[in-house]
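In: got a predicted structure plus its sequence, pasted below:
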Amino acid sequence: MGNQRISWGIAPIGWRNDDIPEIGAENTLSHLLSDIVVAGFEGTEVGGFFPEAHVLNKELQLRNLRIAGQWFSSYIIRDGLEAATQAFHKHCEYLKEVKAAVAVVSEQTYSIQGTEKNVFTEKPSFTDEEWEQLCQGLNELGKIAEEYDLKLVYHHHMGTGVQTLAEVDRLMENTDPNLVHLLYDTGHIYVSDGEFMTLLNKHLDRIKHVHFKDLRQTVKDHCQQAGRSFLQSFLAGMFTVPGDGCIDFTKIYNKLLESDYSGWIVIEAEQDPSIAHPLEYALKARKYVDKELLPLNMLLVEP
Ligand SMILES: O=C1C[C@@H](O)[C@H](O)[C@@H](O)C1=O
Ligand SMILES: [Co+2]
């Protein structure tokens, strides 16, 4: 029943969170990977607590799991291209060793995602010169990714300079489509300006990696009214797994199928693991995928 061109994964972020390493610290790599097998996913992304490549590969092989990619915080604007390329080479070396498909890049210069600032009103924006520097720099990082047989996929993110639909448009227009691809994260664009279908329709051909993140509308509204930070908002339960929130993933999945999308769809729902049991939510996501999304594969008329 599965579409052979799409691999389904789930990110470690429901178990452990790189933005707040204290939460879920008791969840070991073995625990996480075994839960992923129990929930029926094919792989995951690399978390900050993951071990060196040969140790990880052994654990993956034992469970027949694969790695989709890993987040990379770039500081092209703050630190310049040379520093960014040095760090990115190291990042890609590791990803090649664990046979990943993508390197997930997010420019973190001026980012407020890890601060106490109001994520709904205080996001940074870049000057024209900074945009130029960022886009040229990303093209260079994209060339490096290619050297390691990886695709650079850019992650638009709340609280950063590339958050809104207009900002994603600008990034896509000013980067090389052969070198800089897009990671489509449903949750981030929904919270930002709600333009999740427009973004998908406009940039389908650039999308090479997908994060399925759902959200609880009432919690989001409350966090927005209260002027919460990004971290406070997710700890309050703003995000959840697909099927448990307000986003209709059938429309999104259909569009991806129509475009013959090939790559990973990774369930990514950061919550406090002491409140939202990680395996329970992974199973909930799997059930939703199996029941509501995979049957859509059968409805597609073969050409
Ligand atoms: O892809 C992601 C990685 C996380 O570190 C980030 O904070 C999260 O929101 C996300 O979408
Ligand atoms: Co994401």
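Out: Great, that's in hand. Model, not experiment: these values are computed from the prediction. Ligands and ions are numbered 1, 2, ... in the order given.

In: any idea of the mean pLDDT for the longest helix along the chain?
Out: Ranked by residue count, the top helix of the chain under DSSP state H comes out as helix 128-147. Across helix 128-147, pLDDT averages out at 98.

In: tell me what it is packed against?
Out: Secondary-structure packing of helix 128-147 (3 or more CB pairs under 8 Å, 6 or more residues apart in numbering; DSSP states H and E): strand 66-74, helix 76-79, helix 81-97, strand 102-107, strand 151-155, helix 165-173, strand 180-185. Every residue, glycine included, has its C-beta placed from N, CA and C.

In: what about 7 Å?
Out: helix 76-79, helix 81-97, strand 102-107, strand 151-155, strand 180-185 (3 or more CB pairs under 7 Å, 6 or more residues apart in numbering; DSSP states H and E).

In: got the contact list for residue 241?
Out: Counting by CB atoms under 7 Å, 6 or more residues apart in numbering, residue 241 touches 214, 267, 269, 281, 284-285.

In: and the closest residue to it other than its chain neighbours, what is it in contact with?
Out: Among residues not flanking residue 241 along the chain, residue 285 sits closest, at 3.8 Å (CB to CB, 6 or more residues apart in numbering). By CB under 7 Å, 6+ apart, the contact list for residue 285 reads 10, 241-243, 267.

In: where is pLDDT lowest across the contacts of residue 241?
Out: residue 269 (95).

In: isn't that one right up against residue 211?
Out: No. Look at residue 269 against residue 211 with CB atoms under 7 Å: they stay out of range, at 9.3 Å.

In: among these two, which residue is more densely surrounded?
Out: residue 269 (28 against 24; other CB atoms under 10 Å).

In: pLDDT at the residue most central in space within the chain, what is it?
Out: The structure's the chain has its C-alpha centroid closest to residue 211; by CA atoms, centre = their mean the separation is 4.5 Å. On the pLDDT scale, residue 211 is placed at 98.

In: residue 189 is in contact with that one, correct?
Out: No. Look at residue 211 against residue 189 with CB under 7 Å: they stay out of range, at 10.2 Å.

In: thinking again about what came up before, quick one: the longest helix of the chain to helix 165-173, angle?
Out: 60 degrees (axes from the mean of the first three to the mean of the last three CA atoms, to 10 degrees).

In: let's see helix 128-147 as PDB, backbone CA atoms only.
Out: Only the C-alpha atoms of helix 128-147 are listed here, as PDB (Å, rounded to 0.1, in the frame of the first residue of the first chain):
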ATOM      1  CA  ASP A 128      19.000  43.700   1.500                       C
ATOM      2  CA  GLU A 129      22.800  43.200   1.900                       C
ATOM      3  CA  GLU A 130      22.200  40.400   4.400                       C
ATOM      4  CA  TRP A 131      19.800  38.600   2.100                       C
ATOM      5  CA  GLU A 132      22.400  38.800  -0.700                       C
ATOM      6  CA  GLN A 133      25.100  37.400   1.700                       C
ATOM      7  CA  LEU A 134      22.800  34.600   2.900                       C
ATOM      8  CA  CYS A 135      21.600  33.500  -0.600                       C
ATOM      9  CA  GLN A 136      25.200  33.500  -2.000                       C
ATOM     10  CA  GLY A 137      26.400  31.600   1.100                       C
ATOM     11  CA  LEU A 138      23.700  29.000   0.800                       C
ATOM     12  CA  ASN A 139      24.600  28.400  -2.800                       C
ATOM     13  CA  GLU A 140      28.100  27.700  -1.600                       C
ATOM     14  CA  LEU A 141      26.900  25.300   1.100                       C
ATOM     15  CA  GLY A 142      24.700  23.600  -1.400                       C
ATOM     16  CA  LYS A 143      27.800  22.800  -3.500                       C
ATOM     17  CA  ILE A 144      29.500  21.300  -0.500                       C
ATOM     18  CA  ALA A 145      26.400  19.200   0.200                       C
ATOM     19  CA  GLU A 146      26.600  17.800  -3.300                       C
ATOM     20  CA  GLU A 147      30.200  16.800  -2.800                       C
END
